[in-house]
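S.K.: Fold the following.
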Amino acid sequence: MFKAEPFVTRLAFLASDRLEAQEAREALIARYGDATLDEAQVVVALGGDGFMLETLHDQMRGGHKPIYGMNRGSVGFLMNEYCEDGLLERINVAEKAVIHPLTMTAVDTHGRPHKALAINEVSLLRQTRQTAKLRVSVDGKVRLNELSCDGAMVATPAGSTAYNLSAHGPIIPLDAKVLALTPISAFRPRRWRGALLAHTARVSFDILEADKRPVSAVADNLEVRDVLEVHIAEDREISMYMLFDAGRSLEERMLAEQFSV
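M.R.: A predicted model of the protein is given here:
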């Protein structure tokens, strides 16, 4: 469990643009006050999963404060249930999830490198009606000479229940030290369903016939178009912390998701 020293009393409230989130922020500030981000012991994010990812990215750029999310958006897998009562008590017995992002380096057709971090996944996506053709390498060794597909992705355990799951990739336990390499609508080889890789693996994609079959690379919400090659690896030097209500940890949610029908 997350044990803050001293007892958490200073909260900073952030909210998405949704009316419900803004109204919740005003109500919570009236009850608990609103510390600055520098003074706060915990950041409370009000919105949906998209806003949680935005908040995590902001914290990566400075602060690294634990984030406790409450759902005031359309999707709330990464959020706790919204309730104004007993917020300090909930936060002080919350369970902590540690997240490590992926680093993406994408080189475009002009030879320019673009670097970004991804908490959920790095995705390669075809830009036109033409299928993408990708060469896939792991730790410098070519594993697939040609993958014809709508795209492919590398997902973290935390992101394995998002786009990765929608593309029929596996759900990965948070502490498994594994990454998912998942194709998106693979055409050839048709039976290839992806791979589970050690978290230390370095994955590279070379885009074949890039002029005819342009591909974009997306790290969470940052897109780089017309890429020639993309390199992806986990960065264990960066750690982010999410807080979940006792008994509703991220690990428990991911386990329950595997038994949902």
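S.K.: Let me see the ranges of the strands in the stretch 151-261 of the chain.
M.R.: 151-155, 178-184, 195-198, 203-208, 215-219, 222-224, 227-234, 240-244 (DSSP state E, counting those that start in this stretch).
S.K.: Quick check: which of those strands has the most neighbours on average?
M.R.: Stretch with highest mean neighbour count among these: strand 151-155 (a mean of 27; mean count of other Cβ atoms under 10 Å). Any C-beta I mention is one placed from the backbone N, CA and C, and that applies to glycine too.
S.K.: who's in contact with it?
M.R.: Strand 151-155 is touched from outside by 102, 120-126, 132, 134, 136, 162-164, 167, 169, 172, 179-185, 197, 203, 205, 215, 232, with contacts defined as Cβ atoms under 8 Å, 6 or more residues apart in numbering.
S.K.: Report the rounded mean pLDDT for it.
M.R.: The pLDDT scores in strand 151-155 average 98.
S.K.: same deal with stretch 196-205?
M.R.: Average pLDDT, stretch 196-205: 98.
S.K.: Between the two ends of that stretch, what distance do you get?
M.R.: End-to-end span of stretch 196-205 (Cα to Cα, to the nearest Å): 16 Å.
S.K.: gap between it and the chain center?
M.R.: Put simply, stretch 196-205 sits 16 Å off its chain's centre (Cα atoms, centre = their mean, to the nearest Å).
S.K.: thought residue 172 was touching residue 160?
M.R.: Yes - contact criterion Cβ atoms under 8 Å: residue 172 and residue 160 qualify, at 4.3 Å.
S.K.: who's more crowded, the two?
M.R.: A side-by-side neighbour count of residue 172 and residue 160, using other Cβ atoms under 10 Å, places residue 160 first with 25 against 22.
S.K.: so how far is residue 176 from residue 22?
M.R.: The gap separating residue 22 from residue 176 is 37 Å, by Cβ to Cβ, to the nearest Å.
S.K.: and residue 77, which of the strands of the stretch 151-261 of the chain is closest to it?
M.R.: strand 240-244 (10.9 Å; Cβ to Cβ).
S.K.: so what does the closest one touch, helix or strand wise?
M.R.: The contact analysis (3 or more Cβ pairs under 8 Å, 6 or more residues apart in numbering; DSSP states H and E) places strand 240-244 against helix 49-60, strand 67-71, strand 95-99, helix 250-257.
S.K.: hey, which of these is tucked in deepest?
M.R.: strand 67-71 comes out most buried of those by mean count of other Cβ under 10 Å, with a mean of 25.
S.K.: rewinding a little: include distance to residue 18 when you put the strands of the stretch 151-261 of the chain into a markdown table, please.
M.R.: Output for the strands of the stretch 151-261 of the chain, formatted as a markdown table (distance: least, Cβ to Cβ, whole Å):
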| stretch | distance to residue 18 |
| --- | --- |
| strand 151-155 | 26 |
| strand 178-184 | 29 |
| strand 195-198 | 36 |
| strand 203-208 | 35 |
| strand 215-219 | 23 |
| strand 222-224 | 22 |
| strand 227-234 | 32 |
| strand 240-244 | 20 |
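S.K.: Quick one, which of those gets closest to residue 42.
M.R.: When the strands of the stretch 151-261 of the chain are compared by Cβ to Cβ, strand 240-244 sits nearest residue 42, at 6.8 Å.
S.K.: Identify the residues contacting that closest one?
M.R.: 2, 42, 52, 56, 59-60, 64-69, 78, 80, 91, 94-101, 119, 250, 253.
S.K.: same question, stretch 23-32
M.R.: Residues outside stretch 23-32 that contact it (Cβ under 8 Å, 6+ apart): 11, 13, 14, 15, 44, 46, 70, 72, 82, 84, 87, 88.
S.K.: Please tabulate those in JSON lines and include secondary structure as additional columns.
M.R.: Output for those, formatted as JSON lines (DSSP: H, G, I helix; E, B strand; the rest coil):
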{"residue": "11", "secondary structure": "strand"}
{"residue": "13", "secondary structure": "strand"}
{"residue": "14", "secondary structure": "strand"}
{"residue": "15", "secondary structure": "strand"}
{"residue": "44", "secondary structure": "strand"}
{"residue": "46", "secondary structure": "strand"}
{"residue": "70", "secondary structure": "strand"}
{"residue": "72", "secondary structure": "coil"}
{"residue": "82", "secondary structure": "coil"}
{"residue": "84", "secondary structure": "coil"}
{"residue": "87", "secondary structure": "helix"}
{"residue": "88", "secondary structure": "helix"}
